[in-house]
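# Below are the sequence and a predicted model for it; my questions follow.
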Amino acid sequence: MSVRLAPSILSADFAHLARDIAAAEAGGADLIHVDVMDGHFVPNITMGPPVVRAVRRVAACPLDVHLMISEPDRYLEAFVDAGASMLSVHVEVLPHLHRTLGAIKALGAQAGAVLNPSTPVSALEEVAGDVDFVLVMSVNPGFGGQRFIPRSLDKIRRVRMLLDRAGNRAPIEVDGGVGLDTARKVVEAGASILVAGHAVFGGSDPAAAVRALREAAES
Ligand code: DX5
Ligand code: ZN
């Protein structure tokens, strides 16, 4: 299975986003992961459509925008218009998840459903045929640099089974605490898109970090 690496700019230097994104791409990044937080759904505030638009100008890779916000429906169009190719929304805030996934697709982006660590896989049961990808959170969302929750491995396996049963070959993305020690395990469990913030931008050489992560993931 080919693995796609999605460095999260949450751990990049916000004063040098273009430089850090170029470095991650030089190392072989496949996507740029953008963490949008509203200080309401999660206890942190990050960036919105204007920053996504600016990142779109400097990034070569498609943008994978992860909405950690309470009312995503209000902003789907703004984020796709700003340059999101993949847009993921948390099932915990969406009473009409099926409608929201359809709205993202109608805007021309890939629609992802995100599960918090405490949200059961069964929350996706009725939309398993409708998602373009599933994002399994392996930390509680809000901050970079947290420790990977080991139980996420089994959850990735169960999401894969659910998608397979629905006849959906959509990829599974994993986000939180992914690094050299966990990359191979999440791929073996069934994830093929790996988000990594601290592991890529926490050191002094993001390009080398992306190369090392790929080696670990594909070894
Ligand atoms: C956490 C974000 C993640 C975060 C991952 O709420 O959704 O994308 O940037 O960072 P690391 O890889 O450092 O855990
Ligand atoms: Zn994220």
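Sure, I can see it. Ligands and ions are numbered 1, 2, ... in the order given.
# close enough to count as contact, residue 34 and residue 9?
Yes - here residue 34 reaches residue 9: they are 6.1 Å apart, a contact under Cβ atoms under 8 Å. For glycine as for every other residue, the C-beta is placed from the backbone atoms N, C-alpha and C.
# what residues are shared contacts of those two?
Any residue near both residue 34 and residue 9 by Cβ atoms under 8 Å, 6 or more residues apart in numbering counts here, and that gives residue 55.
# which bits of the protein sit near ligand 2?
The interface of the chain toward ligand 2, taken as Cβ under 5 Å from the ion, is made up of 35, 66, 175.
# what about the last one, neighbour count?
The criterion is other Cβ atoms under 10 Å. On that basis, residue 175 has 27 neighbouring residues.
# what's the burial count for the residue lying closest to residue 80 once chain neighbours are set aside?
Taking Cβ to Cβ, 6 or more residues apart in numbering, and ignoring the residues beside it in sequence, residue 80 has residue 107 as its nearest neighbour in space, at 4.2 Å. By other Cβ under 10 Å, 15 other residues sit near residue 107.
# Enumerate every residue touching residue 107.
Contacts were defined as Cβ under 8 Å, 6+ apart; by that measure residue 107 touches 76, 77, 80, 87.
# rerun at 10 Å
Applying Cβ atoms under 10 Å, 6 or more residues apart in numbering, one finds that residue 107 lies in contact with 76, 77, 79, 80, 81, 84, 87.
# Most proximal residue of this protein with respect to ligand 2?
Per Cβ to the ion, residue 66 is where the chain lies closest to ligand 2, at 3.8 Å.
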